[in-house]
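For reference, the sequence and a predicted model appear below.
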Amino acid sequence: MVKKESALVIVESPTKARTIGRILGSGYIVEASMGHLRDLPKAELGVDTEKNYEPTYVIPTKSRKIVTKLKKLYGETKELILATDEDREGEAIGWHITEALDADSSQVKRIVFHEITDEAIKEAIEHPRKIDINLVHAQQARRVLDRLVGYKLSPLLWKKIFRGLSAGRVQSVAVRLIVERERERQKFVPEEYWKILVDYKAKAGKFNAELTEVDGKEIAIKNAPEAEKLEAELKLAQAVIDHIEDSERLKHPNAPFITSTLQQQAGIQLGFTVKKTMLIAQQLYEGVDLDSQGGHVGLITYMRTDSTYINSKVINDIRSWIEHKFGKEYVPVSPRMYKTKDKMAQEAHEAIRPAVPSRTPEDVAEFLSPDQLKLYRLIWERTMASQMAEAIIDQRDVRVKADNKILVAQGVAIKFAGFMAVMAKNHFAEQVLPALKVGEVLNLLKISSEQKFTEPPARYTEPALIKTLEKLGIGRPSTYMPTITTITARGYVGRERRQLYPLEVGFLVNDFLMEHFPEIVDFEFTANMENDLDKIAEGEEKWQEVVGEFYQPFAMKLSKKEKTLVKKDLDEETNEKCELCGAPMIIKMGRFGRFMACSKFPECKHTKSLVEKKVIMPCPKCKTGQVVVKRTKRGKIFYGCDTYPKCDFASWDEPVKDPCPTCGKLMTISKKKKVPICTECGFEDKEIK
């Protein structure tokens, strides 16, 4: 029997419950809701568009036992304390808990904290507040808007294109970005250009210079004959040091992490997907067991934030640690303050930082998984560096004159490491030039020409896509991960070597929306909607009015399109016969792209995936077929023999044409190590990258 004097504290996850339970001790019962206890129904719209967009919430089957348990505990305890996450979704989860338990909202206490530490939790318990209904309404408006778009627009896509398609508000904008980038790449025509590099020998040593000017004009070498002509002239010309300029430049540390920058840098530096980054960050925030060092404790502050603010007490602790570790010269005269881009970010919300800055990665390494340690180190280093002195870089620019030609060389070296001293891996590459003097005559050692071609715009990686969405003002910290997860899960976007590219269905849905519902994928329109949601959170707008301003013209256009649009015929005839019944095969469009199907469907249900591109190698199993790139029904790439089902060779890793030099068996490119590895003996060909 629970003692009536106990308080019931509800959080989202068991790990968070365990950490907070240890901190609060006896007198508190800490339980997990396992996320939202209520949601809109799956099988129907759940929004009454005739009655002020009133949502209908239900308790999902998976949550019913939890609700029953929490109701019982609530009846046996003296008070209810909601300790859900401090963002809008956390506020909404807390409100749904109150409603699901039939609790008196005026008696429910709401506590918020940015880190799960003893001090932060006890401080929060002493200063509870009520649920902020404006934050709840902002989250509710987002949910209702997304439901209206998804449930109203998706059936139209089914009728006019094919079943299984769906459209989302923010997701559609992300797909548009990826589609437009791909079309830029498809239209791109590479242009040839050449670079000429010269190795010179001075009295003090060798260095390399690049040709940049001829007759006072910037050089643009377009073909091999031009490059050969310039090479011949350089071989005959006397080269002299014409000008040397020495300068110092300061390299400043970056601001501490916010959600988007953490996701970007974890992708760039660690190769993590957004989903993986946020999963691990959640683990570090909710707590890990440090054994004798303090038990189960949270290692970082809350990982969904737009604020670069760090409270003054923590900054003082960081500055003290830096001075003790590196010396006084590494501490700026005054603490660094960083401007927060998002006008809605509040000072009460901090940047993503270590909960205890003096707790180094080495201190916790034995208690963390390799990936947890990598992310913790990334956050810890960024935080400590943000309060350190600038690095001082010595730069030397050298100009070489060879008759009517100018070549340049640049040297850079670290004079004072500053904030870079805290980085385990310093990505700054020094290039040291020998001691040179103006007027010194140089000896030419070697001339090399490099043929280059202009590159098309790079495909978006997850970090690059997030950066663009953030720049456009689309989405918020909590939306980046589900946005990317959704568009890949739906088969609209594929991922190859960390790059995102549109699949056929992505092109199809994007083009449909761009033609018939351009406002859904309009960058400015979507960004303004985010601003309206912010205003709801601040109590400046009524959520029903914001939803209505969007939905009423949307509904009118939807009704018109349903009457005027005709179904698009996407089927294509082929000369191929069905392997099961002999009927003609046709190319159809499905949820995950084009595929072959028997024309006698549903009598015959034989289907066959389409080959997208060839891998230039014979099948290692049957020796007669070709290994080609294929896709599963969910759009995942694999490699298989084009004679399937006669030959069932298949591999998730890309096969290599040359056999293993040790045993002669098949080698494939390891996704983790990026080098060919033998599937039989494990030999790694580290010479090939």
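Right, received. Where do you want to start?

Tell me the secondary structure at the residue nearest to residue 401 when sequence neighbours are not counted.
Once flanking residues are discounted, residue 401 sits nearest to residue 242: 3.9 Å by CB to CB, 6 or more residues apart in numbering. Placement of C-beta: from N, CA and C, glycine included. With DSSP: H, G, I helix; E, B strand; the rest coil as the basis, the three-state label of residue 242 is strand.

I'd like the distance from residue 242 to residue 397, if you could.
According to CB to CB, to the nearest Å, residue 242 stands 11 Å off from residue 397.

ok, back up a step: is the residue nearest to residue 401 in contact with residue 438, as I believe?
Yes - with contact defined as CB atoms under 8 Å, residue 242 reaches residue 438; the gap is 7.1 Å.

Could I get the full set of strands for the stretch 401-550 of the chain?
Ranges of strands within the stretch 401-550 of the chain are 405-416, 441-453, 460-461, 493-496, 499-502, based on DSSP state E, counting those that start in this stretch.

among these, which is nearest residue 622?
Smallest distance to residue 622 across the strands of the stretch 401-550 of the chain (CB to CB): 26.2 Å, for strand 493-496.

Which residue, other than its chain neighbours, is closest to residue 49?
Closest to residue 49 by CB to CB, 6+ apart is residue 551, at 6.6 Å.

Send me the helix or strand harbouring the one you found as CSV with only the CA atoms.
Element membership for residue 551 (DSSP states H and E) is helix 543-564. This file holds the C-alpha atoms of helix 543-564, laid out as CSV (Å, rounded to 0.1, in the frame of the first residue of the first chain):
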residue,chain,number,x,y,z
TRP,A,543,-4.8,28.4,-31.8
GLN,A,544,-8.2,27.9,-33.4
GLU,A,545,-7.9,31.1,-35.4
VAL,A,546,-4.5,30.1,-36.7
VAL,A,547,-5.8,26.7,-37.7
GLY,A,548,-8.9,28.2,-39.3
GLU,A,549,-6.9,30.8,-41.4
PHE,A,550,-5.0,27.9,-42.9
TYR,A,551,-7.8,25.3,-43.2
GLN,A,552,-10.6,27.3,-44.8
PRO,A,553,-8.9,28.2,-48.0
PHE,A,554,-7.2,24.8,-48.0
ALA,A,555,-10.5,23.0,-47.8
MET,A,556,-12.0,25.1,-50.6
LYS,A,557,-9.1,24.3,-52.9
LEU,A,558,-9.2,20.6,-51.9
SER,A,559,-12.9,20.4,-52.8
LYS,A,560,-12.3,22.0,-56.2
LYS,A,561,-9.4,19.7,-57.0
GLU,A,562,-11.3,16.6,-56.1
LYS,A,563,-13.9,17.5,-58.8
THR,A,564,-11.5,18.7,-61.5
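
Which residues does that helix contact?
49, 52-53, 137-138, 140-141, 144-145, 148-149, 152-153, 156, 159, 516-517, 519, 529, 532-533, 535-536 (CB atoms under 8 Å, 6 or more residues apart in numbering).

How much space separates the residue nearest to residue 49 from residue 42?
Counting by CB to CB, the gap from residue 551 to residue 42 is 21 Å.

Next: residue 624.
Going from residue 624 to residue 42 by CB to CB gives 49 Å.

neighbour count winner among the two?
More crowded of residue 624 and residue 42, by other CB atoms under 10 Å: residue 624, with 12 against 8.

Next, the closest residue in space to residue 355 that isn't next to it in sequence: phi, psi?
Sequence neighbours aside, residue 115 is the residue nearest to residue 355 in space, at 4.3 Å (criterion: CB to CB, 6+ apart). Backbone dihedrals for residue 115, given as degrees, to the nearest 10, come out at phi -150, psi 150.

So what sits opposite residue 115 in the bridge?
Counting by DSSP bridges, residue 115 is bridged to residue 301.

Tell me how many other residues crowd it.
20.

Can you spell out the domain ranges of the chain, please?
Split into domains by automatic domain parsing, the chain comes to 7-131, 140-188+458-564, 192-252+391-453, 259-386, 569-610.

Comparing these by mean pLDDT, which bottoms out?
Ranked by mean pLDDT, those bottom out at domain 569-610, which scores a mean of 81.

next SSE after the longest helix anywhere in the chain?
In the chain, with assignment by DSSP state H, the single longest helix is helix 133-160. The element immediately downstream of helix 133-160 (helix or strand, assigned by DSSP H and E) is helix 169-187.

Next, the angle strand 441-453 makes with the following helix or strand past that next one.
Where DSSP H and E defines the elements, the next helix or strand beyond helix 169-187 is strand 192-202. Strand 192-202 runs at 160 degrees relative to strand 441-453, counting by axes from the mean of the first three to the mean of the last three CA atoms, to 10 degrees.

Strand 192-202: what's the following helix or strand?
Next along the chain after strand 192-202, taking DSSP H and E as the criterion, comes strand 205-214.

Distance of the residue nearest to residue 49 relative to residue 444?
From residue 551 across to residue 444, the span is 73 Å (CB to CB).

Could you check which of those two is surrounded by more residues?
Neighbours per residue (other CB under 10 Å) separate residue 551 from residue 444, with residue 551 holding more: 20 against 16.

about what we covered before: export the strands of the stretch 401-550 of the chain as CSV, with columns for distance to residue 638.
Output for the strands of the stretch 401-550 of the chain, formatted as CSV (distance: least, CB to CB, whole Å):
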stretch, distance to residue 638
strand 405-416, 45
strand 441-453, 31
strand 460-461, 22
strand 493-496, 12
strand 499-502, 17
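
so which of those strands comes closest to residue 339?
Among the strands of the stretch 401-550 of the chain, strand 405-416 sits nearest to residue 339 (CB to CB), with 25.3 Å.

Can you list the helices and strands that that closest one packs against?
Strand 405-416 sits against strand 205-214, helix 224-236, strand 239-251, strand 391-402, with contacts defined as 3 or more CB pairs under 8 Å, 6 or more residues apart in numbering; DSSP states H and E.

Give me the neighbour count for the residue nearest to residue 290 when sequence neighbours are not counted.
Using CB to CB, 6+ apart and skipping residues adjacent in sequence, the residue nearest residue 290 is residue 367, 5.3 Å away. By other CB under 10 Å, the residues close to residue 367 number 15.

do the same with residue 10
A count of neighbours around residue 10, defined by other CB under 10 Å, yields 26.

Backbone dihedrals for residue 302, please?
Main-chain torsions, residue 302, degrees, to the nearest 10: phi -60, psi 140.

Return the residues in contact with the residue nearest to it when sequence neighbours are not counted.
Closest residue to residue 302 apart from its sequence neighbours, by CB to CB, 6+ apart: residue 114 at 5.1 Å. Contact analysis of residue 114 by CB under 8 Å, 6+ apart lists 86, 120, 301, 302, 348, 349, 350.

List just the nearest of these to residue 499.
The closest of those, once distances to residue 499 are taken by CB to CB, is residue 302, at 30.4 Å.

shouldn't the closest one be in contact with residue 86?
Yes - taking contacts as CB under 8 Å, residue 302 lies within contact range of residue 86: 6.0 Å.

if you count what's nearby, which of those two comes out ahead?
Remark: of residue 302 and residue 86, residue 302 carries more neighbours, 24 against 21, as counted by other CB under 10 Å.

As a check, name the ranges of all helices in the stretch 301-450 of the chain.
Per DSSP state H, counting those that start in this stretch, the stretch 301-450 of the chain carries helices over the ranges 312-326, 361-364, 370-386.

Nearest to residue 215, out of those helices?
Within the helices of the stretch 301-450 of the chain, the stretch nearest residue 215 is helix 370-386; the backing value is 46.0 Å (CB to CB).

Report the angle between the closest one and helix 312-326.
Calculated by the same axes, to 10 degrees, helix 370-386 forms an angle of 90 degrees with helix 312-326.

For helix 370-386, list every residue counted as buried.
Judged by neighbour count using 16 or more other CB atoms under 10 Å, the buried positions of helix 370-386 are 371-386.

looking at the domains of the chain, which is closest to residue 663?
Residue 663 lies closest, by CB to CB, to one member of the domains of the chain: domain 140-188+458-564, at 27.7 Å.
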